[in-house]
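**Q** sequence and predicted structure, then a few things I'm wondering about:
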Amino acid sequence: MLKYILSIMVTALLAFVAGLYMPWWGIALAAFLVSAAIPQKPAFSFLSGFLGVFLLWEVLAWWIDNKNNGILSQKIATVIPLGGSTVLLIVITSIIGALVAGFGALAGTYMRRLIYPPTLPAETI
Amino acid sequence: MKFVPLLISSFITILLIIVFNSRWGSAPPFGEFLSPQHGFWQNAEPVDKDFSQDLQLSGLKDPAEIFLDDRLIPHVFAGNEDDAYFIQGYLHAKFRLWQMEFQTYAAAGRISELIGPKALNFDREKRRLGMVYAAEKTVAEMEKDPVSKAEADSYTAGVNAYISRLKESELPIEYKLIGYKPELWSNLKSALLLKYMSLDLAGFETDFEFTNLRSTLGYATYNKMFPMSQDSLDPIISVDTLTRIPGIRVKAPAGSDSVYLQKIDTINVKAVTKPDKDNGSNNWAVSGIKTKSGSPILCNDPHLGLNLPSLWYEMQVSCPSMNFYGVTLPGSPGVVIGFNDSCAFGLTNAGRDVRDYYEITFKDDSRKEYWYNGQWVPSDFRFEHIKLKDSVEYIDTVAFTIFGPVMYDKSFSGSRKTNNKYYSVRWKGNDAGNELLAFSGLAHARNYMDYKEAIKFLHTPGQNVVFACKNGDIAITAQGEFPAKWKRQGEFVMPGTDSSYMWQGMIPQSENPYIYNPERGFVSSANQYPVNPISSPYYLGIDYPIYRGLIINRYLSQLTEIGIEDMMKLQLDTYNPFAGMARPILLKNIDSSGLSDDELKYYETLKDWDLHYEAEGKGASIFNILWDSLKVIVWNDELGKAGTPILYPYNSTLLEGILRDSAYEFLDNINTPEKETLKQDVTLAFHKAAATCKQLDHDGKLNWGKLKGTRIEHLAKIDPFSRMDIDNDGGEFAINAEKKDHGPSWRMIVQLTKNTEAYGIYAGGQSGNPGSLYYDNFVDNWANGKYYPLWMMEKSEETDKRVKAIIRITKL
């Protein structure tokens, strides 16, 4: 359990750092690297990548929006027709990032398995 | 087989990245656009953002400081003038980059690059008018003079200092939405911006419409519908200050009566876009003998298209040789309307017709030779490369004759389908000029002589420049370089086969009407005739509104002991002088005996209306609807024959017609055997108007504020970035000339006491970022007629509580 929490946290952290220096899709690379480094079952690695970036983007967007009093998010939630719902906009933002990172993480795990084939029986939680 | 899961998961990841990194139709790439660290979230500015920073910029000569006050107005303190313009450029870019570049795209006919072929007609129209050609000439002129060259170069360097440090995540949101990046700035872009203003202010004409009208109705009827004088005119310069020995004796060409005025012609071209006809404004200055303080007060409110981000950016710029405060145009160095330590200056549009058309006879479709003065003359060509988004480049080949670019030809008829004729446009905006010197001259002006010297450089767009000085002087000049025309010259398409219809010269600047310290103690302008047209040796055209000018002069002559509050009240005045003159004759001629209960209700509301355009009332709406209805009844029978769009005679013409003569000849409906009377027309108009009112009333839209429906639209028409439904007072004929998307864009009042006391507000906010608190924070106060004190800051006041942030710049 701890390993997954760690994996989620490290993914979020690394994705944040990638965001500073790389295009937005750096989150996929971050999730990939974390999964390649920390051995996990594929389903859980997807989940940790997904959750890592979901949480990161959720927190970042919410934080920014809060400091902005929702001025811009309300406008954008009308440009992208979401009926002006800031909550929906933040959720969609997070899901898009999370999906990309989730699959990135999955690829990371399979990459790891290629180099270090898992000893049977398969890794357990 | 072990590779398969890796391949599949990698493939899905990359596919997702590609999908979310691509633009689908007009939608932005969602991954990038929604990423909190890259996309629009980065434009969501914290409401309590501290704008303070220390900057190191190369290109600056001395260290400088910018004090941003609580309204985000920058007070720039630079070591020298070059640095001052450098910082102005930097700040314009920092707060308004997208807007200033977008406007130059529009000016240069490059919108197709951003949105594809649907903008092609718009772009071709700009190119074919010669906008880029004109801007290139302006740059050459600007760079010829060391003063304006240094100014433009420094400004450009300042803009680029900002652009080159701009991170992608910091791009203004419109770039992210539309999907492009800013180019480096250049003096050409500044020139394009100035041309954009020239087009807006000196690009209006109705030559094709008038030609069709005259051809259908005959010149005699046209002449009555569009008379060359106005009964109730109160011109800008009522006492002619010039000895009239005209420098140019204009003469209509021999035979112009039949070849030109009486010609029957059909025009099949129509402009794609037109500047607003009512790009008008008010300005006035009252001398110390009429004010409470004993010092002059200058006021100005330019009526322009209202947009977000606003056309205006307010700032103070100070260096040892200059200190000005006012509104500036993002994209151009200098100040346009404002004041310095000695004097204040303001503008209204001169509204002269400086854009005419000539019909060209080409030898053949190749447009290589045209008939001119009895021989075939070779034309020039200019190739306009128009890039189309997601498509191939469109090359527009524009022929140039001695008159100017051949704007309309077989390949381009504006928004019409087919046209087989060739029209060259002669536009004053295409002549070389160096307007930057006018603005920098005004920024430096210390007295009347400096003012006169400065405005000499203001050629196009022509402006009525008002001036007031701390030494007590007030003045106004109908400034500009205007063609000297003979009667009706250029109102219709002119023959282009020889030189006889060309403009015969420019009116010498010394003959521009002006008035300096008049006895009546005030000067004013509101886009009316500069002088009485009857006394002018040159033809001034016919398209001048009169009513705002009338009422301003009436109020100003009555007022004494004037204080700043009086001037605010005057700028916000919503009295409709036109209705004041029209209502009595309308009421008198409505046959109230046959009115239904509903109609009677509207009749009573109209009768009891206090003649003010008030958002909450219905009187202004009923009057407007009635007047529009009367126009249709009176004019449509004649004008219907001339095809669409119908260009109605000016409101003053109809009103003066019926005031002068109750049997005004156009009251008769030419399609009926009987001869209609004023009473019949007005009563019919009222019945129709009442029906319209009833419907509007039912929909809750009869209140004037709702009917007028003022809105401030985003420049790229992105609705959520616009302010719709501004329910405020004001209307076309009032001093507070508020219309749907057009009105007093900036209101300024400057009292030239020893310590200047100034107030102002514009319809927008200092930041161009829709994610900023400062994007539209002036709008509500503006709509409610509030003002902000304008603070001409002293360097010693840097600890003042109004200073909210300090940007310190040192050279790199």
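**A** Arrived safely. Residues are numbered from 1 along each chain as shown, chains lettered A, B, ... in the order given.
**Q** which elements pack onto the biggest helix by length in chain A?
**A** Longest helix of chain A, by residue count under DSSP state H: helix A:86-115. Packing partners of helix A:86-115 (3 or more C-beta pairs under 8 Å, 6 or more residues apart in numbering or on different chains; DSSP states H and E): helix A:2-21, helix A:26-37, helix A:42-67, helix A:71-79, helix B:3-21, helix B:30-34. Placement of C-beta: from N, CA and C, glycine included.
**Q** low-confidence stretches in the stretch 201-350 of chain B?
**A** Within the stretch 201-350 of chain B, the segments meeting pLDDT under 70 span B:240-244, B:279.
**Q** all strands for it, in order.
**A** Assigned strands in the stretch 201-350 of chain B, in chain order: B:281-286, B:297-305, B:307-308, B:313-319, B:322-328, B:337-340, B:343-349 (criterion: DSSP state E, counting those that start in this stretch).
**Q** can you say which of these is nearest to chain A?
**A** In terms of C-beta to the nearest C-beta, the element of those nearest to chain A is strand B:307-308, at 11.4 Å.
**Q** are the closest one and chain A in contact anywhere?
**A** No: Strand B:307-308 is not in contact with chain A by C-beta under 8 Å from any C-beta of the partner chain; minimum separation 11.4 Å.
**Q** sheet partners, orientation included, of that strand?
**A** strand B:710-714 (parallel) (DSSP bridges).
**Q** can you name the next helix or strand after the strand it pairs with?
**A** The helix or strand immediately downstream of strand B:710-714 is strand B:723-726, counting by DSSP states H and E.
**Q** for the nearest residue to B:P330 once chain neighbours are set aside, the count of nearby residues, please.
**A** The shortest distance from B:P330 to any non-neighbouring residue, by C-beta to C-beta, 6 or more residues apart in numbering or on different chains, is to B:R96 (3.8 Å). As a burial measure, B:R96 scores 26 neighbours (other C-beta atoms under 10 Å in any protein chain shown).
**Q** element containing B:R96?
**A** helix B:81-107.
**Q** packing partners of that helix?
**A** Against helix B:81-107 (3+ C-beta pairs under 8 Å, 6+ apart) you get strand B:64-69, strand B:74-77, helix B:120-129, helix B:146-165, helix B:173-178, helix B:187-202, strand B:313-319, strand B:322-328.
**Q** re the thing from before, please identify the most buried of the helices and strands packed on helix A:86-115.
**A** The highest mean neighbour count among the helices and strands packed on helix A:86-115, using mean count of other C-beta atoms under 10 Å in any protein chain shown, belongs to helix A:26-37: a mean of 26.
**Q** just want the angle from that one to helix A:42-67.
**A** 140 degrees (axes from the mean of the first three to the mean of the last three C-alpha atoms, to 10 degrees).
**Q** and the gap between B:L171 and chain A?
**A** 13 Å (C-beta to the nearest C-beta, to the nearest Å).
**Q** list the contacts of that residue.
**A** Shown in contact with B:L171 (C-beta atoms under 8 Å, 6 or more residues apart in numbering or on different chains): B:181-182.
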